[in-house]
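Participant: no sequence for this one, just the structure:
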């Protein structure tokens, strides 16, 4: 199991958190998702993803895009 | 058919708009809902509801509360 931290921009409320959580959770290999909401269009929310398989940066980036937000950076 | 304007506080994004629209649309007698998003926790978004039956203030207030927001005022 490993942990990836995603810095996601533009979350403004709990609905946004739910949307990001849902999209990331659909990725094969993702075990859990935890979003520390820093609400605001220009603010960055730290999102912690725990994985038990290989999860590529592209898969993470696509999920965030699908939810409608910007992935600023990925820390592994 | 008549129109009611609701001043709703705290909508921050499209998800919030969808949530309010859904709750109001479930009220019997409500034909359509249009939200003019003024995004922000302390800001007020004007929400226009068209009705074809008797829709009480209480029903409107309950729907907004159910969605998780504050109904600041109702204009008929």
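Facilitator: Sure, I can see it. Source: prediction; values computed, not measured.
Participant: need the nearest residue in space to the residue in chain A that chain B sits nearest to, chain neighbours excluded.
Facilitator: Proximity of chain A to chain B (C-beta to the nearest C-beta) peaks at residue A:15, 3.1 Å away. Placement of C-beta: from N, CA and C, glycine included. Excluding the flanking residues, the one nearest residue A:15 by C-beta to C-beta, 6 or more residues apart in numbering or on different chains is residue B:15, at 3.1 Å.
Participant: isn't there a helix covering the one you found?
Facilitator: Yes - Residue B:15: assigned to a helix according to DSSP: H, G, I helix; E, B strand; the rest coil.
Participant: need the contact list for it.
Facilitator: By C-beta atoms under 8 Å, 6 or more residues apart in numbering or on different chains, the residues touching residue B:15 are A:13, A:15, A:16, A:18, A:19.
Participant: pretty sure the third one is touching residue A:22, no?
Facilitator: No - with contact defined as C-beta atoms under 8 Å, residue A:16 does not count as touching residue A:22 (10.8 Å).
Participant: neighbours of residue A:29, how many?
Facilitator: 14 (other C-beta atoms under 10 Å in any protein chain shown).
Participant: quick one, what contacts it?
Facilitator: Contacts of residue A:29 (C-beta under 8 Å, 6+ apart): A:51, A:52, A:53, A:54, A:55.
Participant: and if we set it to 10 Å?
Facilitator: Each residue near residue A:29 by C-beta atoms under 10 Å, 6 or more residues apart in numbering or on different chains is listed here: A:2, A:49, A:50, A:51, A:52, A:53, A:54, A:55, A:56, A:59.
Participant: and for residue A:37?
Facilitator: Contacts of residue A:37 by C-beta under 10 Å, 6+ apart are A:8, A:11, A:12, A:13, A:14, A:16, A:17, A:20, A:43, A:45, A:46, A:47.
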